[in-house]
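> Turn this into a structure:
(one chain, ligands or ions: 2)
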Amino acid sequence: PSATANLKDKADRATNEQVLDPRTRLILFKMIGRGLLHTVNGCISTGKEANVYHAITPPEPTTASTVPNRHLALKIYKTSILVFKDRDKYVSGEHRFRRGYSRHNPRKMVRVWAEKEMRNLKRLTTAGIRAPEALEVRENVLVMDFLGDGDCWASPRLKDANPTKEECDNLYPELLLIVRTMFHQCKLVHADLSEYNILLHEGHLWIIDVSQSVEHDHPAAFDFLRNDLRNVEEFFGRRDVRCVGLRRAFEFVTRDMAANEDPTEVLQAWRDEPAPADEGHDSTIHEDEVFRKSYIPRTLNDLYDPERDAEALGDGKKPIYANTIALVNKDSAPQTEKSVRFDGEDLPASSNSEQEEEEE
Ligand code: ADP
Ligand code: MG
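Numbers count the residues shown, from 1 in each chain. Ligands and ions are numbered 1, 2, ... in the order given. Prediction:
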């Protein structure tokens, strides 16, 4: 009963701040009624599209060893229609949005985003990427593990965490590997990756905020990926970390590697390469500049006129996207790495058993 009172207080306050509409409050009350939640505490974050609250589960039946409560984070999406208007760029071309995305019904729309965030979080944790475990989603409320200390303090965003130079030297390759695993195993591009959507928790990087993440074959996937990687290069570059440059980071993430190539070693070798003499550094920057501005077709079908592009670059030069294209063309690229297909993710897990067997 006191838990309910507590929630009611918080809920009233939040409602006054135009956050929790009656329907959302009902969802929370039901979660308490079912015993999923015990208390909903204060707001961890208020954002444009969602607010995040801290909550705890009821105490486990006491045996000597059980933890009394589990700390949870509730991401509650706002249901105002204006908020989700500028999300169209993620939606068009995304086959998971084929059905059920109604631009006219904000509640439905938000629900799709919340469900998508849950599924994407699951893809990440399944691939062994550090991300909060998603427990369930009900309409606009996503319940996940709280990343923080044993108390109620949330772990800091990478932006606020002030990691030392030495930590950054290790976090940079850790992050590029995460992006690579996301691309190849989860088949996702984060599409809003920056120091704002990464938490530094227990000395490692934890990925959050994946509702807008797109399939790796989304028509704009490479543009999103390039932006993500630019944020990564800039963040660590500002901290004097030896980075590989935008173009190489992109290659590192997207390229299929042979069975005997270890991505960690490949990256380390690139970072160890002696800095090019004289104008070398400038030319890397120039290369990155060209790369930043160039159009990256997602598939061979998107190529306007590759021969013309090749000609324009002169003899012996390849178009800037040549390597990228090779790995996108599914017929020609050798599938060297394990990959899971998620096309069936709308179906119950059992119908994927065939693929799971392949995995093992
Ligand atoms: P938004 O769409 O508002 O950016 P985020 O998913 O990025 O939503 O969450 C906003 C903030 O809430 C994060 O920057 C982080 O500080 C906090 N947060 C989100 N999820 C968790 C979590 N699982 N554990 C702890 N803090 C979290
Ligand atoms: Mg965020």
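> What about the closest residue to residue 146 other than its chain neighbours, how many residues nearby?
If the residues on either side of it in the chain are set aside, residue 146 comes closest to residue 71, at 3.8 Å by CB to CB, 6 or more residues apart in numbering. All C-beta spots, glycine's among them, are computed from the backbone N, C-alpha and C. Residues near residue 71, counting by other CB atoms under 10 Å, number 19.
> and what of residue 262?
Other residues within reach of residue 262, judged by other CB under 10 Å, total 11.
> What about the residue of the chain found nearest ligand 2, how many residues nearby?
Across the chain, the shortest distance to ligand 2 (CB to the ion) belongs to residue 209, at 3.7 Å. Neighbours of residue 209 under the rule other CB under 10 Å: 24.
> Please apply the same query to the one 5 residues further on.
Neighbouring residues of residue 214 were enumerated by other CB under 10 Å; the total is 25.
> Next one: it from residue 196, what distance?
18 Å (CB to CB, to the nearest Å).
> And for residue 266?
Look at residue 266 and residue 196: by CB to CB, they are 28 Å apart.
> Let me know the average pLDDT across stretch 71-78.
Averaged across stretch 71-78, pLDDT comes to 95.
> ugh, typo on my part, it should be stretch 34-48
Mean pLDDT, stretch 34-48: 91.
> Buried residues, that stretch. List them.
Under the neighbour-count criterion of 16 or more other CB atoms under 10 Å, stretch 34-48 has 36-41, 43-44 buried.
> Narrow these to those in strands?
Those of the buried residues of stretch 34-48 mapping onto strands are 39-41, 43-44, per DSSP state E.
> Now narrow those to whatever sits close to ligand 1.
Intersecting these with the contacts of ligand 1 gives residue 44 (criterion: CB under 6 Å from any ligand atom).
> now, which of the ones in strands among the buried residues of stretch 34-48 sits nearest residue 223?
Each of these was checked against residue 223 using CB to CB; the closest is residue 44, at 30.8 Å.
> And that closest one, how far from residue 146?
Applying CB to CB, the value for residue 44 to residue 146 is 8 Å.
> Check residue 114 too.
17 Å.
> go on, residue 293?
Residue 293 sits 41 Å away from residue 146, going by CB to CB.
> circling back to that earlier point, quick check: beta-bridge partners of the residue nearest to residue 146?
Listed by DSSP bridges, the beta-bridge partners for residue 71 are residue 56.
> ok, it - contacts?
By CB atoms under 8 Å, 6 or more residues apart in numbering, the contact set of residue 71 is 54-56, 145-146, 148, 152.
> change it to 10 Å
The contact partners of residue 71, taken as CB atoms under 10 Å, 6 or more residues apart in numbering, are 41, 54-57, 145-152, 154.
> Show me the shaky parts of the stretch 201-350 of the chain.
275-283, 295, 297-350 (pLDDT under 70).
> what do residue 44 and residue 146 both touch?
52-54, 73-74, 152-154.
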